[in-house]
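> Generate a structure from the sequence data that follows.
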Amino acid sequence: MLIPKTVALFTCQQPANGNEREQTGGNTESPVFPLPVLLAANAKGAEILTRVRGMSEADAVRTMHAYVVAVGGQTCPQQVADLLRRYPAQAALGAGCPR
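You can find the predicted model right below:
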């Protein structure tokens, strides 16, 4: 299944010593980024997967699409629409966001 592998690509590892609070200064909340930052990050993620991992553009966009859908959230439809707007050849992926 693609989604668990995709999420694993972008999941941070826990610190080896288990002292996450100490290393993050006590802040354990995930950062909240503005939508334009998320949109740019999704496109950059596809670019990085293509250039660094050697994936085809189609596979990279499919991977980022699966990640955005797996994470879900309120901005999922906007993120997917922007990703597909930037990569129109992959428009067949569709929205796929949970409601």
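> Residue 46 and residue 67, how far apart?
10 Å (Cβ to Cβ, to the nearest Å). For the C-beta atoms, the positions are set from N, CA and C on the backbone; glycine is no exception.
> Ignore what I typed, I meant residue 51.
With the distance defined as Cβ to Cβ, residue 51 ends up 17 Å from residue 67.
> So which bits of stretch 39-53 are buried?
Taking 16 or more other Cβ atoms under 10 Å as the neighbour-count basis, stretch 39-53 is seen to contain the buried residues 39, 42-43, 45-46, 49-50.
> Kindly reformat the residues you listed as a markdown table containing pLDDT and secondary structure.
A markdown table is the format used below for the buried residues of stretch 39-53 (pLDDT from 0 to 100; DSSP: H, G, I helix; E, B strand; the rest coil):
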| residue | pLDDT | secondary structure |
| --- | --- | --- |
| 39 | 93 | helix |
| 42 | 93 | helix |
| 43 | 94 | helix |
| 45 | 95 | helix |
| 46 | 95 | helix |
| 49 | 96 | helix |
| 50 | 94 | helix |
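> Residue 92: which of those residues is nearest?
Closest approach between those and residue 92, by Cβ to Cβ: residue 46, at 15.5 Å.
> Could you list every helix and strand that the strand or helix carrying residue 77 packs against?
Secondary structure assignment for residue 77, by DSSP states H and E: helix 76-86. Counting contacts by 3 or more Cβ pairs under 8 Å, 6 or more residues apart in numbering; DSSP states H and E, helix 76-86 is packed against helix 35-51, helix 57-71.
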